[in-house]
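>>> Could you look at this predicted model? Sequence included:
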Amino acid sequence: MATLSRSTPAIAELQTPAPAAALRKELGFTDLVLASILLVVVPDFFGSAVKAGPAHVVLWLLAIALFFLPQALVVSYLNQRLPIEGGLYEWARHAFGDAVGFLVALNLWMYVVLYVASIGLVTTNYAAYALGLNADAVAAHRGILLATSVGIIGGLMLVAHLGLGVGKWVTNVGSALTVLIILLLAALPFVRPGGQAAAGYHPLRLVLPPLSLFSFSVFSKMSFGALCGFEYAAIFAGESRNPRRHLTRAIWIAAPLIALLYIFGTSAILAYVSPDNIDVIGPIPQALRVALGGTRLGELIVPVAILFLLTNYLSSFSLNFAANTRLPMCAGWDHLLPQWFTRLHPRYRTPVNSILFLGGITLAASIAVLAGVGAQEAFELLLIWAFTFYAIAYLALFAIPVLAGKDSSLRGPLWMKVLACFGFLMTLLFVVLSIFPIIPVASQSAYSAKTVAVIVLANLAGLVLYYKRPKPA
């Protein structure tokens with residue numbers, strides 16, 4: 001492929017695989033802004049941040065400076081250089097070669113498989129809070145979890161099949177409702193209905209965290225886990241109308257709003273729920289229920305607000321699921337996977353075989369993870385495994401501006417390399433600390449062993465698959 005020139009970034013268009021021309025250009029600027037918010041704001045990690053207690057503001061500010069801003073700058077830079085379908089997979093492949101690109105795609109793919117596999121747990125948890133039921137008791141019914149997983153994964157496959165012309169509206173509605181509900185939560189301690197909020201509430205109290213392994217573990221989850229995701233929208237570059245310009249602008253509009261939502265949202269939850277009693281699956285529904293429970297206003301607002309927030313998960317899962325079906329398609333175009341994955345629907349231009357394959361694997365993962373553990377531990381395992389795979393791909397993201405060899409035009413200026421190093425170290429911290437749980441588990445050693453085994457074995461299997469693949473004639 002032609003070398004990408006710094007002075008002529010339009011040459012990147014020449015590197016777009018020819019089959020990408022058959023994709024529909026469905027995503028505009030507003031769609032990318034809302035997608036960026038949805039991909040980064042993960043309600044699960046409000047629960048992780050609450051574990052930090054009053055020190056969360058300091059930790060959020062550090063995470064924003066050391067990870068969030070470097071991520072936004074690096075993603076914007078690479079998207080300007082190479083705005084093509086596949087996003088980070090293609091950036092890594094152009095920077096380091098096919099083998100690294102393949103492993104990056106594998107880790108991105110595993111991230112979504114495991115994250116979406118939590119859909120049964122999340123949906124039943126939020127539905128229980130909305131209906132005023134005992135969330136733990138509902139989660140104990142494996143039949144309910146299985147039926148929920150099957151139904152919703154089937155729905156995700158249908159939306160992915162119909163394409164972004166339909167899927168973007170799911171994303172846009174879910175993103176807008178997410179912002180609305182978190183803003184509502186952030187406002188509640190100032191209104192203090194029923195007087196439940198902590199006296200002297202201040203959302204921006206600066207408290208230094210204790211220097212402990214637990215604090216570092218929580219901080220790593222608040223930085224990487226909560227604040228990653230800007231690059232995922234770049235997977236749809238071939239289906240965006242102006243990816244070079246629109247995605248970069250979308251990132252810089254979404255970033256400050258995301259930071260405010262996390263800081264003020266976490267403070268509001270802490271006004272009603274202590275770190276020891278936080279429900280890591282549904283921290284926002286739990287806080288809403290405590291804040292508004294027992295009032296006539298709460299009886300009306302809480303169920304609706306919780307169901308609205310559930311749309312965050314469903315629309316986020318839908319967007320991630322659709323993006324994940326593009327990775328095998330792009331790898332097939334590059335002859336790293338069988339051409340079977342590249343088959344497009346004649347009308348919707350979506351990768352139908354990749355959708356079927358991803359749906360089956362995701363459903364299997366959602367069933368397997370429940371074996372022998374409770375709902376909270378199962379959810380934490382899925383979340384940490386998923387985001388550890390994601391973090392491994394992010395190590396490649398931050399390495400590109402510093403070490404890109406195959407296409408040296410992807411290397412950044414000195415200031416970019418310094419920021420990328422900060423992002424790399426923060427991501428590495430998350431990977432290392434992912435083996436330490438932040439909730440009570442049946443066995444910490446078993447939890448750690450499972451985490452290490454899943455990550456290592458999956459990547460070894462990926463290497464075997466890459467080197468044993470049939471070579472194109």
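Received, thanks. Numbers count the residues shown, from 1 in each chain.
>>> So residue 455 versus residue 59, what's the distance?
Noted for residue 455: a distance of 25 Å to residue 59, by C-beta to C-beta, to the nearest Å. For glycine as for every other residue, the C-beta is placed from the backbone atoms N, C-alpha and C.
>>> and what of residue 363?
Distance check for residue 363 against residue 59: by C-beta to C-beta, it reads 36 Å.
>>> ok, these two, which is more surrounded?
residue 59 (25 against 22; other C-beta atoms under 10 Å).
>>> Now residue 458: closest residue in space, sequence neighbours ignored.
Nearest residue to residue 458 in three dimensions, chain neighbours excluded: residue 110, at 5.8 Å (C-beta to C-beta, 6 or more residues apart in numbering).
>>> pretty sure residue 273 belongs to a strand, no?
No. Counting by DSSP: H, G, I helix; E, B strand; the rest coil, residue 273 is not part of a strand but coil.
>>> got the contact list for the helix or strand hosting residue 214?
Per DSSP states H and E, residue 214 falls inside helix 213-220. For helix 213-220, contacts defined as C-beta atoms under 8 Å, 6 or more residues apart in numbering pick out 48-49, 51-52, 55, 59, 62-63, 209, 426, 429-430, 433-434, 436, 438.
>>> Lowest pLDDT pick from these?
Minimum pLDDT for those is recorded at residue 438 (58).
>>> three-state assignment of residue 348?
When classified by three-state DSSP, residue 348 comes out as coil.
>>> Phi first, then psi, for the closest residue to it other than its chain neighbours.
Closest residue to residue 348 apart from its sequence neighbours, by C-beta to C-beta, 6+ apart: residue 163 at 4.2 Å. For residue 163, the backbone dihedrals are phi 90, psi 180 (criterion: degrees, to the nearest 10).
>>> Touching, residue 163 and residue 351? I think so.
No. With contact defined as C-beta atoms under 8 Å, residue 163 does not count as touching residue 351 (10.1 Å).
>>> Need the max-distance pair from the contacts of helix 213-220.
Largest separation among those by C-beta to C-beta: 55 and 434, giving 20.6 Å.
>>> out of the two, which sits in the busier spot?
The residue with more neighbours, out of residue 55 and residue 434, is residue 434; 24 against 19, by other C-beta under 10 Å.
>>> what sits against that one?
Each residue near residue 434 by C-beta under 8 Å, 6+ apart is listed here: 220, 384, 387, 388, 391, 451.
>>> Just confirm residue 144 contacts residue 124, I think it does.
Yes. With contact defined as C-beta under 8 Å, residue 144 reaches residue 124; the gap is 5.8 Å.
>>> If you count surrounding residues, which of these two has more?
With neighbours defined as other C-beta under 10 Å, residue 144 and residue 124 compare such that residue 124 has more, 24 against 16.
>>> can you list the residues that contact the helix or strand residue 158 falls within?
Using DSSP H and E, residue 158 sits in helix 142-162. Outside helix 142-162, the residues that touch it by C-beta under 8 Å, 6+ apart are 116-117, 119-121, 123-124, 138-139, 166-167, 170, 314, 317-318, 321-322, 325, 345, 348, 350, 352, 355-356, 358-359, 362-363, 366-367, 370.
>>> Send me it as PDB with only the CA atoms.
Listed next in PDB are the C-alpha coordinates belonging to helix 142-162 (Å, rounded to 0.1, in the frame of the first residue of the first chain):
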ATOM      1  CA  ARG A 142     -30.500 -18.600  36.100                       C
ATOM      2  CA  GLY A 143     -33.500 -19.300  33.900                       C
ATOM      3  CA  ILE A 144     -34.500 -15.600  33.900                       C
ATOM      4  CA  LEU A 145     -30.900 -14.600  33.100                       C
ATOM      5  CA  LEU A 146     -30.700 -17.100  30.300                       C
ATOM      6  CA  ALA A 147     -34.000 -16.200  28.700                       C
ATOM      7  CA  THR A 148     -33.100 -12.500  28.900                       C
ATOM      8  CA  SER A 149     -29.700 -13.100  27.300                       C
ATOM      9  CA  VAL A 150     -31.200 -15.100  24.400                       C
ATOM     10  CA  GLY A 151     -33.900 -12.500  23.700                       C
ATOM     11  CA  ILE A 152     -31.700  -9.400  23.800                       C
ATOM     12  CA  ILE A 153     -28.700 -10.900  21.900                       C
ATOM     13  CA  GLY A 154     -31.200 -11.900  19.300                       C
ATOM     14  CA  GLY A 155     -32.400  -8.300  19.200                       C
ATOM     15  CA  LEU A 156     -28.800  -7.100  18.800                       C
ATOM     16  CA  MET A 157     -28.300  -9.400  15.900                       C
ATOM     17  CA  LEU A 158     -31.400  -8.100  14.200                       C
ATOM     18  CA  VAL A 159     -30.400  -4.400  14.600                       C
ATOM     19  CA  ALA A 160     -26.900  -5.200  13.400                       C
ATOM     20  CA  HIS A 161     -28.400  -7.000  10.400                       C
ATOM     21  CA  LEU A 162     -30.500  -4.000   9.500                       C
END
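>>> next one: whichever helix or strand comes after that helix to chain centre, how far?
Downstream of helix 142-162, the first helix or strand assigned by DSSP H and E is helix 164-191. Here the centre of helix 164-191 is set off from its chain's centre by 16 Å, with C-alpha atoms, centre = their mean, to the nearest Å.
>>> now the angle from helix 164-191 to helix 142-162?
Orientation of helix 164-191 against helix 142-162 (axes from the mean of the first three to the mean of the last three C-alpha atoms, to 10 degrees) gives an angle of 130 degrees.
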